[in-house]
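Trainee: model the structure of this input:
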Amino acid sequence: MPYEHSPSPVAPTASSRLWTAGASGGVAILVMAALAVMKPELAGWLAAGAVAVALATWLVNRRPPALVSISELDRSGPADLAPDGVLLGDVFEALDDPILIISGGEADDIAGRRIALANAAARELFRLNGTGAGLLVSVIRDPKVLEAVDEALFGNFSSTVDYVGGGAQERHWRAFVRPLPERDAHLWGAGALALLALRDETDTRRMEMMRVDFLANASHELRTPLASLSGFIETLKGHAKDDPKARDKFLDIMAIQADRMGRLVADLLSLSRIELNEHIAPLGRVDLARAASDVVDAVSVISRERGVTIKADLGQGGATVAGDRDEIVQVIQNLIDNALKYSSHGGVVELLIERGRTLDEAMAARMPEGTRLSLATPDREAGQKYAVITVRDHGPGMAREHLPRLTERFYRVEGQKSGERQGTGLGLAIVRHIIIRHRGGLSVDSALGQGAIFAACFPLAPVRDAVEGAPAT
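Mentor: Residues are numbered from 1 along each chain as shown. Take a look at the predicted model:
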């Protein structure tokens, strides 16, 4: 709907402010276009940066009566409109990248840096209130970012720094900090203003880390079985080729080593894939009791061979959690396999599922005489309930100093990578990353001679999904 507006004698520069914003945006877009020709991969961010700078200039010249959110700005005149009729405030709100406008206060007062304005993406990321106003240090504590903001506010310097967000799901950001014109800053209650824009580079960083970790781990862990295979091949080429008994023995060992290499590569790829998507919460629904029952059935042959009994208490009424069924099955499978591995013949592995637990209850100690450690703790959300699956073995247990390293890749309590208890050493690392992706928690309780208890908790799926969504798998 068109706006009706009569020029006011007290605000004769509304159109000039619009042209200032348009000119700033035009220059920025021309610079963006030139750089994009030289380096096309920068075009995406440069386009967003051009829009952000133009909007920031417009916001400064808009002269709002108070520090309010974009949606609350007065839209009574044509200065709110871009030439094509699009509301600049709506564009600012719709940007996917979090953008903050920071007011400086006094140069020597660190606590004086305040968020004057934040778009919807920034308010969601930092969980700000409806206006987005607040102290900068209350949401960003990274010294590099705070220093860059100070340089923009009081030194008129632009800079770009890396920023790693907190929380259970680590996210990597590129922070762009730019000074803003000060001529109207006093109308915002500040002596200086700066623009802080964040670009999410989590996927890029995770892919790079995945490549580096895979190459480092694969080259290190594959060296031993490859050396073993090479040695036996040389032996079979020599005197052992005419000895059927030795030949069969060596071929069996080679088959075991080849199988171990295959499992190692599969686990490394699985771990890398999970880490890559760790910041993306799964959207499915899983019946935890049914998934656990399927795993118990699948490992029954192995448990009988080892003479270990699995006692499963799957609870009453089921426990539907939000998650990816294949990954949750992998968690349960790895925890049970680990318990079986460390149980002696005639031992018992206990599996228990509880539902409707608070976070404190889900992460509470379960072995009073042992040592408890949280290996993954979810961000606390009001009213969230969890389903908890615990797996206990009665094996040798672990000393306190081993617990913090249990989810490290290839770490073994015995201090070796292979031996009587075969495995890739990646099981608990995979478990931890899957649970982090599901916004859940993982804890361990253990005492020497009394075994260990691993507890994994998953957020219960909202009740409304049971009516609107598909049945749980």
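
Trainee: OK, contacts around the nearest residue to Arg306 once chain neighbours are set aside?
Mentor: Nearest residue to Arg306, sequence neighbours excluded (C-beta to C-beta, 6 or more residues apart in numbering): Leu340, at 6.1 Å. C-beta: built from backbone N, CA, C; applies to glycine. By C-beta atoms under 8 Å, 6 or more residues apart in numbering, the residues touching Leu340 are Val299, Ile302, Ser303, Arg306, Val308, Val349, Asp393.

Trainee: neighbours of the residue nearest to Asp445 when sequence neighbours are not counted, just the number please.
Mentor: Once flanking residues are discounted, Asp445 sits nearest to Met367: 3.8 Å by C-beta to C-beta, 6+ apart. Residues within reach of Met367, counting by other C-beta atoms under 10 Å, total 17.

Trainee: Met367 and Asp96: what is the separation?
Mentor: With distances taken as C-beta to C-beta, to the nearest Å, Met367 is found 46 Å from Asp96.

Trainee: kindly report the same for Leu288.
Mentor: The value you get for Leu288 to Asp96, if C-beta to C-beta is used, is 34 Å.

Trainee: these two: who's more crowded?
Mentor: Neighbours of Leu288 and Asp96, each counted by other C-beta under 10 Å, are more numerous for Leu288; the result is 27 against 11.

Trainee: wait, the more buried one touches Val321, no?
Mentor: Yes: if you go by C-beta atoms under 8 Å, Leu288 and Val321 touch, sitting 5.3 Å apart.

Trainee: please report how far the residue nearest to Arg306 lies from Gly449.
Mentor: 19 Å.

Trainee: and what of Val177?
Mentor: In terms of C-beta to C-beta, Val177 sits 56 Å off from Gly449.

Trainee: same question, Phe410
Mentor: 26 Å.

Trainee: again, but for Trp173
Mentor: 47 Å.

Trainee: neighbour-wise, which of these two wins?
Mentor: Between Trp173 and Gly449, counting by other C-beta under 10 Å, Trp173 is the more crowded of the two (23 against 8).

Trainee: for the more buried one, list each beta-bridge partner.
Mentor: Tyr163, Asp200 (DSSP bridges).

Trainee: now do the helices in this protein.
Mentor: 14-38, 43-62, 88-94, 120-126, 143-155, 202-221, 223-237, 244-276, 288-298, 300-306, 325-341, 359-362, 427-437, 463-468 (DSSP state H).

Trainee: identify all contacting residues around the fourth one.
Mentor: By that I understand helix 120-126. 69, 93-100, 118, 128-130, 132, 139-140, 165, 198.

Trainee: okay, now Arg273: neighbour count?
Mentor: Neighbours of Arg273 (other C-beta under 10 Å): 13.

Trainee: from Val299, how far out is Ala292?
Mentor: From Ala292 over to Val299 (counting by C-beta to C-beta), the distance is 11 Å.

Trainee: okay, those two: which has more neighbours?
Mentor: Ala292 (27 against 20).

Trainee: got a pLDDT number for that one?
Mentor: Each residue has a pLDDT score; the one for Ala292 is 93.

Trainee: hmm, it is touching Ile389, no?
Mentor: Yes: counting by C-beta under 8 Å, Ala292 touches Ile389, with 6.3 Å between them.

Trainee: okay, and the common contacts of the two?
Mentor: Common neighbours of Ala292 and Ile389 (C-beta under 8 Å, 6+ apart) are Ile332, Leu351, Ile353.

Trainee: for these, which one is nearest Ala107?
Mentor: Ile332 (56.3 Å; C-beta to C-beta).

Trainee: ok, that closest one touching Ala387?
Mentor: No: the pair Ile332 / Ala387 is not scored as a contact, 12.0 Å apart, by C-beta under 8 Å.

Trainee: who has more neighbours out of the two?
Mentor: Comparing Ile332 with Ala387 by other C-beta under 10 Å, the one with more neighbours is Ala387, at 27 against 24.

Trainee: for beta bridges, what are the partners of that one?
Mentor: Applying DSSP bridges, one finds that Ala387 bridges with Phe458.

Trainee: any idea how far Ser103 is from it?
Mentor: Counting by C-beta to C-beta - Ala387 and Ser103 are separated by 45 Å.

Trainee: likewise Ala194?
Mentor: 8 Å.

Trainee: more neighbours: which of these two?
Mentor: Shown here are Ala194 and Ser103; by other C-beta under 10 Å, Ala194 has more neighbours (28 against 23).

Trainee: the more buried one: what's its closest spatial neighbour, skipping adjacent residues?
Mentor: Ala194 sits nearest to Ala152 (C-beta to C-beta, 6+ apart), 3.9 Å away.

Trainee: and Pro282, by the same measure?
Mentor: Asp324 (4.1 Å).
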